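Enquirer: My questions concern the predicted model and sequence given below.
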Amino acid sequence: MTTRFPTVSWTAANTRRMARQGLIAPGRPDPAHVVGTLPAAHAQVLSAAELSVGLRTTGVTRTGVRDALWKDHTLVKTFGPRGTVHLLPMADLPLWTGALSALPAGRSPFAKDARMTPEQVEAVLAAIEDALTGTELTVDELSEAVVERAGAWAGDLVMPAFQGMWPRWRQVMHLAGHRGVLCFAPDRGRKVTYARPGVVPLDGPEALDGLVRRYLHAYGPATPAHFAKWLALSPAWSGELFAGAAARGEIERVTYECGPAWVVAGDTDFPAEPVRGVRLLPYFDAFLVASQPRERLFPGAAYTRALAGGQAGNFPVLLVDGTAAGVWHQRRSGRRIAVTVEPLTPLTAGQLRELEAEVARVGGVLEGNAELTVGTVTVGAHA
C-alpha cells in the first residue's frame, strides 16, 4: 500500500511563514518574542536587525530593540548560524549554544600556517571564558588577556583582516560564541566589546532536535538540504539528523514544491488564501535568507536584481503579495531618511499607497522622518 502524504504548495507555505513572523499583521511589541519566531535575526549590521524586528511589531522602535539587548537582556548579540553575528532570544541561548557547539566542524578557511591544533583551540576557548568572567573587555583587552593565558603563539598576526592582520586566536571567536563563553556587550566608544553570557548549553542531541523543530516551525516545509544551507553544513549530515527526528515522531513528511519535505509533527495546517500587500525588508532579513525554494521567493527578474549571485540578503527587498518585486535603499541625514524604492513592475495606485504607509513605518522604527522616492536604486549590494 502506498502512503499518501499531505501536499503543500509554495504559496500556502510562504503565507504561513509570513504570518508567523508578523509580516502580514504585526505582532505584539516584544522584541525577544519576534526574534524567536525567525528564530534568529542577522545582526552583522545592527541597524538592519533593529528594522527587521521593528517592522514585525506594533510600536517597537530601534530604541526598544536596543533596550531589549543592552538593558533588559531579553536579547543577546552573539555568533549564530553560519558563524555570523545574530540576535537571539536570551531564553533560547542554552538551546542555541548546545546545538551550535554540537555541529560538525567544517574545513578551515585559513592557511595551513595560520591554523590551530585542537589543543590550541581548547586553550583559547578556556582563556576567553576565564578572561570574560565577571567583566566586559574590548577586543584589544580581550586579545591581551587571551595571549597572557594561552601563550604568545595565540597573538601571532597570521589572519588577513580588513586593514591588516589579526592575531591567531580570533579565528575561533565564533566557536566561543557557540560554546556560550562569549557574546557582545555594548560598544565602548568605537571599540567592539565582549562579555560572557553565563549560560549552560543544553545537551547537544537534545538541542539539535530543538533547533530542527524551531527551523521547521518558521520555514517548513523544508528539506534536510534547506536546513544544511541555513547552517552552511553538509546535506548528508542534516539528512541523518532529520531521519532521527522522523524516527522519533518529532517531524513528519509532506509533499512540497521540490518533492519530499518535512514539518513539525502535527503542524500541517496551512492558510487557504494567498498573502496580499506590500512590505519592505532590510538587509539580511531572516525571511529572505531562510525561505526555500529561493527561486520561488525571487521569481523572474527578481532573481537577478534582488540577489547577489544567488545569495539572499545583500539587497533590501520590496515584497509584493509575498514575493520579491523590487529593491530599495535608505540614506539617513539627521532625522531625514530618504527611501528609494525600485519596483520591477509598475505598482497600482493601491500598492503605492501601501508602500507610502510602509515607508512611514520604516521611519517610525528608525525614529526619523522617511520620505519615499520611486525610482532606480543606484547603489550596489550591501551598500
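Expert: Right, received. Where do you want to start? Numbering: from 1, shown residues only.

Enquirer: just checking, A145 touches A127?
Expert: Yes - counting by C-beta atoms under 8 Å, A145 touches A127, with 7.0 Å between them. From N, CA and C alone the C-beta is placed, and that goes for glycine too.

Enquirer: Please identify which of those two sits among more neighbours.
Expert: Using other C-beta atoms under 10 Å, the more surrounded residue of A145 and A127 is A127, with 22 against 17.

Enquirer: E295 - how many residues pack around it?
Expert: Count around E295 with other C-beta under 10 Å applied: 14.

Enquirer: Tell me if I'm right that it and A302 touch.
Expert: No - checked against C-beta under 8 Å, the pair E295 and A302 is beyond contact range at 9.5 Å.

Enquirer: hey, which helix or strand in the protein has the poorest pLDDT?
Expert: In the chain, the helix or strand scored least confidently by mean pLDDT, DSSP states H and E is strand 157-161, which has a mean of 87.

Enquirer: For that one, enumerate the helices and strands it packs against.
Expert: Contacting strand 157-161 under the criterion 3 or more C-beta pairs under 8 Å, 6 or more residues apart in numbering; DSSP states H and E are the following elements: strand 164-167.

Enquirer: Rounded mean pLDDT for the following helix or strand past the strand it packs on, please.
Expert: The helix or strand immediately downstream of strand 164-167 is helix 173-179, counting by DSSP states H and E. Helix 173-179 carries an average pLDDT of 96.

Enquirer: Other residues contacting helix 173-179?
Expert: Identification of contacts with helix 173-179 by C-beta atoms under 8 Å, 6 or more residues apart in numbering yields 78-80, 83, 97, 100-101, 103, 121, 124-125, 128-129, 182-183, 201.

Enquirer: Single out whichever of the residues you listed has the smallest pLDDT.
Expert: G83 (92).

Enquirer: tell me, how many neighbours does that residue end up with?
Expert: For G83, using other C-beta under 10 Å, the count is 18.

Enquirer: Distance check, E371 against H178.
Expert: The gap separating E371 from H178 is 42 Å, by C-beta to C-beta, to the nearest Å.

Enquirer: swap in V263?
Expert: From V263 to H178 the distance is 27 Å (C-beta to C-beta).

Enquirer: Mind listing what's buried along the top strand by length along the chain?
Expert: Counting by DSSP state E, the longest strand found in the chain is strand 323-333. For strand 323-333, a neighbour-count test (16 or more other C-beta atoms under 10 Å) marks T323, A324, A325, G326, V327, W328, H329, Q330 as buried.

Enquirer: Stretch 312-326 too?
Expert: Quick answer for stretch 312-326 (16+ other C-beta under 10 Å): 312-320, 322-326.

Enquirer: Just the terminal-to-terminal distance for it.
Expert: This stretch, stretch 312-326, spans 13 Å end to end (C-alpha to C-alpha, to the nearest Å).

Enquirer: Check stretch 330-344 too.
Expert: Stretch 330-344 has its terminal residues 18 Å apart, counting by C-alpha to C-alpha.

Enquirer: quick one: low-confidence parts of the stretch 51-200 of the chain?
Expert: Along the stretch 51-200 of the chain, segments meeting pLDDT under 70 are nowhere present.

Enquirer: hey, where'd the strands end up in it?
Expert: For the stretch 51-200 of the chain, the strands defined by DSSP state E, counting those that start in this stretch occupy 75-79, 85-89, 137-138, 157-161, 164-167, 183-188, 191-195.

Enquirer: partners of the shortest one in the sheet?
Expert: Looking at strand 137-138 with DSSP bridges, its paired strands and their directions are strand 191-195 (antiparallel).

Enquirer: The longest one now?
Expert: Paired strands of strand 183-188, with direction, are strand 191-195 (antiparallel) (DSSP bridges).
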